[in-house]
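> Quick one, what's the 3D model for this:
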Amino acid sequence: MLFTTSFSEFAQLLFFLTADVAPCDFLDSPAVNVASEFYQRQHARLLQQRTELQQTSQVTKESSEAVTLDQSRVGRLSRMDAMQQQAMSHARERRRAQALVAIDAALNRLDNGAYGECTECGEDIARTRLEFNPAVAMCLECAEAAESLN
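Numbers count the residues shown, from 1 in each chain. Sure, this is the predicted structure:
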């Protein structure tokens, strides 16, 4: 995109350039209110998701403790099961950490006025995609292209 300012700043600039329309008239319009409500709702959802992930991480810390290898206390199959559970717990924690990074990046994009723009091509991300996953950073086409590379 050509502009790095937020939508409301862009709207103010656009209408300052137009003599017969006052900026406050546009900023009070239903279209701007709906857009700002959407961004406020997304911001709240992102904060809620971040809080839930952080709380879940705190609760599951004990699952990732080291597995005891004392042969006299635990049988071989029990130890293998415990090690498998530990590996699964570590994998879940890595996914949570990745999700937290994505949420923080989305919150930064919201603050910088770039939320809803694809980080790869700069095009708008479909609103339904953002509603499904508010932390998404790429449009569908770029996400599919990135997935095909992996």
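
> Tell me where the longest helix sits in the protein.
Longest helix in the chain by number of residues (criterion: DSSP state H): helix 76-112.

> Low-confidence regions, this structure specifically.
In the predicted model of the chain, residues 1-35, 62-77 satisfy pLDDT under 70.

> Tell me where it has helices.
Counting by DSSP H, the chain has these helices, from start to end: 7-16, 23-27, 30-59, 76-112, 127-132, 140-149.

> What I need now is the ones you listed written out in TSV, including distance to E120 and mean neighbour count for each item.
C-beta: built from backbone N, CA, C; applies to glycine. What follows is the helices of the chain, written out as TSV (distance: least, CB to CB, whole Å; neighbours: other CB atoms under 10 Å):
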stretch	distance to E120	mean neighbour count
helix 7-16	20	14
helix 23-27	31	13
helix 30-59	20	13
helix 76-112	13	14
helix 127-132	14	13
helix 140-149	4	11
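
> between those, which gets nearest to C118?
Nearest to C118 among the helices of the chain is helix 140-149; the distance by CB to CB comes to 5.4 Å.

> No further questions, thank you.
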